[in-house]
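S.K.: Predicted coordinates and the sequence they were generated for:
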Amino acid sequence: MIDNLKRDAVMKDLLAAEGLRFSLYIPTHRLHPDNRQDPITYKNQLKAAEAALEEAYPRREWQDIMGKLNNVLDDQELWNHTTEGLAVLAGGPHVATFLLEHTVEPKTVVGAHYHLLPLYPLLPSITQAYLADISRDRFSMYLVSREGIAQVETPEIKASFPELFDDFDTNSDLNSGSYAGMAGTYHGHRARPEEVRKDREKYFRYLDDAFAKRHRETGLPIILAGMEQNLVEYRSLAKGDFYLDGSINKPLDALDYNAILLEVKGILKPYLESALDSLRTRISNKQNENKATANLGEFKVAAREGRVETVLAPMMPEESERKGLDEAVELVLLNGGAVYTAMPDVLESLGGRVALMRY
């Protein structure tokens, strides 16, 4: 799943690189043993790309990048966690990989511009949220959208009560058990219920403050998951207004991937509908102000002039328009604009391709 913030940070380096720009896409598989063929598909795509490069460009212009692209084959962590598609971009000294939640056709584009449209899907972009799985004294966090789920590393947040409070005596008369489906939760025979309750409140208040900081940094809302009694208590203590109304009233380890995704889709549905309605209103207002165009030529001119603030484009355009869109999309991103792409049905529901101007 694409983390929008990480993607945008990586994109700054990629767009600043000089020389040829490589964009490689392949379909991949989420489950074993099907995913064993994914590195083979990637290797075959590289061979086809190298054959085309031999005919079009001097070797000195691409051999270093081709070496970096071949090194991706050694990234076992990547190949062990593939999803529905893989994108690999390379330019100058930079190589970046992106796991996609939608399938793609094998495609390699090499030239003056990257092919970026599959990396900016509209629906995941406007419905991303964090999913926090909370037990009585620990938590885990995931980045979710209607299209996928990916665990998030949160080193700045203490993952458990024992990590947070140094005075927690791990040598006392403790047993390791499980609350809310989370392994390794600690409890002690000599702890009174009142002490346990106070410790839980301390940890919940700490998490609320930590989640508030992450929300300020990312702007993303949070979905809560866990045993219902834990969530009721957590919500009674939480001060943040960034928690979505719906929640998953089970620990996540009690559900499989598809069941979690189904729950997430239901919770995000009103959030998505509101975001789409806001986008429709914004498009309509820009059209009324003569600050919108569906014409590719006008879009390209406005992009070169830095006037485009948002573009909504097809995720998989006709090849006759792809080069023009690739160039314009790069310019929009370089000038601080936003890019969204969608499949035909969603695109048509919003009125089709459109570029919205700043002026």
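M.R.: Now that the structure is in, tell me what you want to look at. Residues are numbered from 1 along each chain as shown.
S.K.: how's the chain carved up into domains?
M.R.: Following the assignment in automatic domain parsing, the chain carries domains at 1-117, 125-273, 289-359.
S.K.: And the closest residue to L116 other than its chain neighbours, how far from L20?
M.R.: Using Cβ to Cβ, 6 or more residues apart in numbering and skipping the chain neighbours, the partner closest in space to L116 is V329 (5.4 Å). C-betas here are computed from N, CA, C, even on glycine. V329 is 18 Å from L20, where distance means Cβ to Cβ, to the nearest Å.
S.K.: likewise L220?
M.R.: Using Cβ to Cβ, one obtains 35 Å as the distance from L220 to L20.
S.K.: again, but for L255
M.R.: For L255, the distance to L20 equals 45 Å [Cβ to Cβ].
S.K.: rewinding a little: mind pulling the model confidence for the residue nearest to L116?
M.R.: V329 is assigned 97 on the pLDDT scale.
S.K.: Okay, now the unreliable bits of this structure?
M.R.: Residue ranges of the chain with pLDDT under 70: 165-191.
S.K.: Show me which positions of the helix or strand hosting N44 end up buried.
M.R.: Using DSSP states H and E, N44 sits in helix 38-56. With burial defined by 16 or more other Cβ atoms under 10 Å, the residues of helix 38-56 counted as buried are D38, P39, Y42, Q45, L46, A49, E50, L53.
S.K.: quick check, nearest of the residues you listed to V10?
M.R.: Y42 (19.1 Å; Cβ to Cβ).
S.K.: Would you confirm that that closest one contacts L73?
M.R.: Yes. Applying Cβ atoms under 8 Å, one finds Y42 in contact with L73, separated by 6.7 Å.
S.K.: circling back: give me the number of residues near the residue nearest to L116?
M.R.: Counted by other Cβ atoms under 10 Å, the residues lying close to V329 total 25.
S.K.: Let me know the helix or strand that V311 is in.
M.R.: strand 308-314.
S.K.: just the helices in the stretch 201-350 of the chain please.
M.R.: Using DSSP state H, counting those that start in this stretch, the helices of the stretch 201-350 of the chain run over 228-237, 257-288, 296-304, 319-334, 344-349.
S.K.: among these, which is nearest A212?
M.R.: Short answer: helix 228-237, nearest of these by Cβ to Cβ, at 12.7 Å.
S.K.: Kindly present the domains of the chain as CSV, with separate columns for distance to L279.
M.R.: Rendered in CSV, the data for those read as follows (distance: least, Cβ to Cβ, whole Å):
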stretch, distance to L279
domain 1-117, 16
domain 125-273, 7
domain 289-359, 6
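S.K.: I'd like to know which of these lies nearest to R282.
M.R.: With Cβ to Cβ as the yardstick, what comes closest out of those is domain 289-359 (7.1 Å).
S.K.: what about that closest one, start to end distance?
M.R.: One end of domain 289-359 to the other measures 9 Å (Cα to Cα, to the nearest Å).
S.K.: May I have the phi/psi pair for V354?
M.R.: The phi/psi pair for V354 (degrees, to the nearest 10) reads phi -160, psi 140.
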